[in-house]
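Visitor: Generate coordinates for the sequence data below:
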Amino acid sequence: MKKFTLHQVQLTGALLVALAAGGFTSCSSDKNEPEMPVTTGEKTPYVTRVLDYRPAVGQFTNQLPEYKEGDTQEDMNRKALEAIGNNKMGMVSLGGFGGYIVVGFDHTIENKAGLCDFRVLGNAFYANGASEYGSCEPGVIQVCYDENRNGLPDDGWYEIAGSSYPDRKESWLDLAAQAGNDTKTVLNYEITYYRPSKESGAPTEQYIRWEDNQGGSGYKAMNFAHLQSYYPKWIKEDKMTFTGTRLPQNGVDQSGKGTYYVLHRFAYGYADNELNENAASAIDIDWAVDSKGKAVHLPGVDFVRIHTGINQENGWLGECSTEVMGVVDLHLTNVTIESKTIKNK
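Guide: Modelled structure (predicted):
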């Protein structure tokens, strides 16, 4: 188990930092320079920085937050912060698989032994009378501890090992398999989306082409409810590639006629997967693992990254797309949740 020591370094003043606007795994800097907040001594439990917002193709892309002609990556980062920062409780959509956001705080979220440390707020909800399914669009969570105290997420990312890492373990998997879903967890999954040659402006099932590193390919559909461009309009490149853990497809058409889709809940460890007020939405930093699946012990986290974890279209509902409303430090809000009550159920 890898261990770190917590450096007691006070960060004061304003520090300009640069972050990558490139692919999902990049931590290098570029010309975008989000401003680091001034430390005042008063810690806030909530997001104070959005370092990178890069949604994948999706029906809410360019809407949550809204793109305006001429907006740059820096503008979209700012708009994302305006939506979800400082407990604003707005919403940003990450689009289809791989779309992500990187957020930061004005302090290190402490890792307290045996307790959950933070939760990512989303808009998941249950179907009427249900507690195992509804609208659950899980996002995979990664964390970074700023060991070198330079205000950048360049000390390594560690994945929160949720209930389907590294293998599938959900109670509904047989049902999903019977429906024809791909129920495998795939580590290091990679998908590339291609900008359409023209915008259809009308519903179509063959809208934006994608290919993955598993030999799969297909199209993202445009539905009747959202007719704007689903490809991020501030991205100049004609293709976008995202990499990360892909989760089992959880959407099932209960009606058998394409009229009633339900998205099953994963047991624990993901964003936008459980009601925000429920204990199972909370995250223990000690669930973090390295790229080889080995547990790590971090003294805390300074950055959180969330990406949409499922690649699936659900009929008229559209693609599975994680939505994020914020991240909360549970210790600063006096919320005590023992992690064993979640993971050992």
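
Visitor: all contacts plus neighbour counts: C-alpha atoms, from now on.
Guide: Will do.

Visitor: Check what pLDDT the residue of the chain most remote from its centre gets.
Guide: What lies farthest from the middle of the chain is residue 257; by C-alpha atoms, centre = their mean that is 30.5 Å. Residue 257 carries a pLDDT score of 95 in this model.

Visitor: For the strand or helix carrying residue 189, C-alpha coordinates in CSV please.
Guide: In this assignment (DSSP states H and E), residue 189 forms part of strand 186-194. Extracted C-alpha coordinates of strand 186-194, given in CSV (Å, rounded to 0.1, in the frame of the first residue of the first chain):
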residue,chain,number,x,y,z
VAL,A,186,-13.6,-2.5,-18.9
LEU,A,187,-10.5,-0.8,-17.5
ASN,A,188,-8.6,1.5,-19.9
TYR,A,189,-11.6,1.8,-22.2
GLU,A,190,-11.0,4.3,-25.0
ILE,A,191,-13.6,5.9,-27.2
THR,A,192,-13.3,8.5,-30.0
TYR,A,193,-16.1,10.7,-31.2
TYR,A,194,-16.1,12.3,-34.6
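
Visitor: what packs against it?
Guide: strand 204-212, strand 239-246 (3 or more C-alpha pairs under 8 Å, 6 or more residues apart in numbering; DSSP states H and E).

Visitor: to the chain's geometric centre, what's the distance from the first one?
Guide: By that I understand strand 204-212. The gap between where strand 204-212 is centred and where its chain is centred comes out at 22 Å by C-alpha atoms, centre = their mean, to the nearest Å.

Visitor: Check which helices and strands it sits against.
Guide: Using 3+ C-alpha pairs under 8 Å, 6+ apart: strand 204-212 touches strand 186-194, strand 217-222.

Visitor: Just name the most buried of the helices and strands packed on strand 186-194.
Guide: Sort the helices and strands packed on strand 186-194 by mean neighbour count, taking mean count of other C-alpha atoms under 10 Å, and strand 239-246 sits at the top with a mean of 21.

Visitor: Need the contact partners of it.
Guide: 23-25, 56, 97-99, 140, 185-195, 307, 309-311 (C-alpha atoms under 8 Å, 6 or more residues apart in numbering).

Visitor: Can I get it as CSV, trimmed to CA atoms?
Guide: C-alpha atoms of strand 239-246 as CSV (Å, rounded to 0.1, in the frame of the first residue of the first chain):
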residue,chain,number,x,y,z
LYS,A,239,-12.4,14.2,-33.0
MET,A,240,-12.3,13.7,-29.3
THR,A,241,-10.8,10.7,-27.5
PHE,A,242,-11.5,9.8,-23.9
THR,A,243,-10.0,7.0,-21.8
GLY,A,244,-11.1,5.5,-18.4
THR,A,245,-12.9,2.8,-16.7
ARG,A,246,-16.2,1.8,-18.4
